[in-house]
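# From the sequence below, what's the structure:
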Amino acid sequence: MPSDNFVNHGLQRWEKLRKEWVGKDGTESKTSSELKAKRIVNVENVIERLFNQSHGGELLEPLPLCQMVDILTDLWEADGAFD
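Below is the predicted model of the structure:
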(Lines give C-alpha, C1' and ligand atoms only; values in the text may rest on other atoms or scores of the structure.)
Protein backbone atom coordinates (compact mmCIF):
# COMPACT_ATOMS: atom_id res chain seq x y z
CA MET A 1 0.00 0.00 0.00
CA PRO A 2 1.58 3.34 -1.04
CA SER A 3 2.28 5.88 1.65
CA ASP A 4 0.96 9.43 1.39
CA ASN A 5 3.95 10.65 3.43
CA PHE A 6 6.38 10.78 0.49
CA VAL A 7 8.69 13.80 0.63
CA ASN A 8 10.75 14.62 -2.45
CA HIS A 9 13.92 15.86 -0.78
CA GLY A 10 15.68 16.34 -4.12
CA LEU A 11 12.93 18.68 -5.32
CA GLN A 12 13.00 20.61 -2.04
CA ARG A 13 16.77 21.05 -2.31
CA TRP A 14 16.49 22.12 -5.97
CA GLU A 15 13.78 24.68 -5.15
CA LYS A 16 15.87 26.09 -2.26
CA LEU A 17 18.98 26.42 -4.43
CA ARG A 18 16.97 27.93 -7.28
CA LYS A 19 15.49 30.56 -4.96
CA GLU A 20 18.97 31.45 -3.75
CA TRP A 21 20.18 31.68 -7.33
CA VAL A 22 17.35 33.64 -8.96
CA GLY A 23 15.94 35.39 -5.89
CA LYS A 24 12.62 34.83 -4.22
CA ASP A 25 10.74 37.29 -6.44
CA GLY A 26 12.15 35.88 -9.69
CA THR A 27 14.86 38.49 -9.99
CA GLU A 28 18.53 37.71 -9.87
CA SER A 29 19.94 37.10 -6.41
CA LYS A 30 22.73 39.19 -4.92
CA THR A 31 25.04 36.19 -4.91
CA SER A 32 24.54 35.60 -8.62
CA SER A 33 24.99 39.31 -9.39
CA GLU A 34 28.21 39.37 -7.38
CA LEU A 35 29.48 36.29 -9.21
CA LYS A 36 28.83 37.93 -12.58
CA ALA A 37 30.46 41.18 -11.54
CA LYS A 38 33.71 39.74 -10.22
CA ARG A 39 34.23 36.52 -12.20
CA ILE A 40 36.59 36.35 -15.11
CA VAL A 41 36.19 32.91 -16.57
CA ASN A 42 38.98 30.98 -18.25
CA VAL A 43 36.99 29.26 -20.98
CA GLU A 44 39.67 26.66 -21.71
CA ASN A 45 39.72 25.59 -18.04
CA VAL A 46 35.93 25.29 -17.94
CA ILE A 47 35.86 23.14 -21.09
CA GLU A 48 38.75 21.00 -19.82
CA ARG A 49 37.00 20.33 -16.50
CA LEU A 50 33.67 19.55 -18.18
CA PHE A 51 34.99 17.09 -20.72
CA ASN A 52 38.03 15.53 -19.00
CA GLN A 53 37.12 12.21 -17.36
CA SER A 54 39.62 12.73 -14.53
CA HIS A 55 37.68 15.80 -13.33
CA GLY A 56 34.32 14.05 -13.51
CA GLY A 57 32.72 17.04 -15.23
CA GLU A 58 32.83 19.17 -12.07
CA LEU A 59 33.88 22.80 -11.99
CA LEU A 60 36.05 24.21 -9.22
CA GLU A 61 33.48 26.89 -8.34
CA PRO A 62 29.95 27.81 -9.35
CA LEU A 63 29.64 29.53 -12.70
CA PRO A 64 26.76 31.88 -13.55
CA LEU A 65 24.33 30.19 -15.91
CA CYS A 66 24.56 32.97 -18.51
CA GLN A 67 28.34 32.45 -18.75
CA MET A 68 27.95 28.69 -19.01
CA VAL A 69 25.40 29.10 -21.81
CA ASP A 70 27.76 31.46 -23.66
CA ILE A 71 30.67 29.01 -23.33
CA LEU A 72 28.65 26.02 -24.53
CA THR A 73 27.06 27.96 -27.38
CA ASP A 74 30.48 29.08 -28.62
CA LEU A 75 31.78 25.52 -28.31
CA TRP A 76 28.82 24.06 -30.22
CA GLU A 77 29.10 26.71 -32.94
CA ALA A 78 32.81 25.94 -33.33
CA ASP A 79 31.94 22.22 -33.67
CA GLY A 80 29.31 22.99 -36.32
CA ALA A 81 26.37 22.02 -34.13
CA PHE A 82 24.36 25.05 -35.31
CA ASP A 83 24.93 24.65 -39.04
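# Do me a favour and average the pLDDT over stretch 58-74.
For stretch 58-74, mean pLDDT rounds to 85.
# same question, stretch 17-27
For stretch 17-27, mean pLDDT rounds to 71.
# Could you chop this structure up by domain?
Following automatic domain parsing, the chain resolves into domains at 8-34, 39-83.
# Would you mind giving those domains as JSON lines with mean neighbour count added?
(Glycine included, C-beta is placed from N, CA and C.) Listed next are the domains of the chain as JSON lines, based on neighbours: other C-beta atoms under 10 Å:
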{"stretch": "domain 8-34", "mean neighbour count": "11"}
{"stretch": "domain 39-83", "mean neighbour count": "11"}
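# measure the residue nearest in space to the middle of the chain to residue 53 for me?
In the chain, the centroid-proximal residue (C-alpha atoms, centre = their mean) is residue 65; its distance is 5.0 Å. As judged by C-beta to C-beta, to the nearest Å, residue 65 and residue 53 stand 24 Å apart.
# again, but for residue 77
Distance from residue 77 to residue 53, counting by C-beta to C-beta: 24 Å.
# same deal with residue 70?
24 Å.
# Check residue 81 too.
21 Å.
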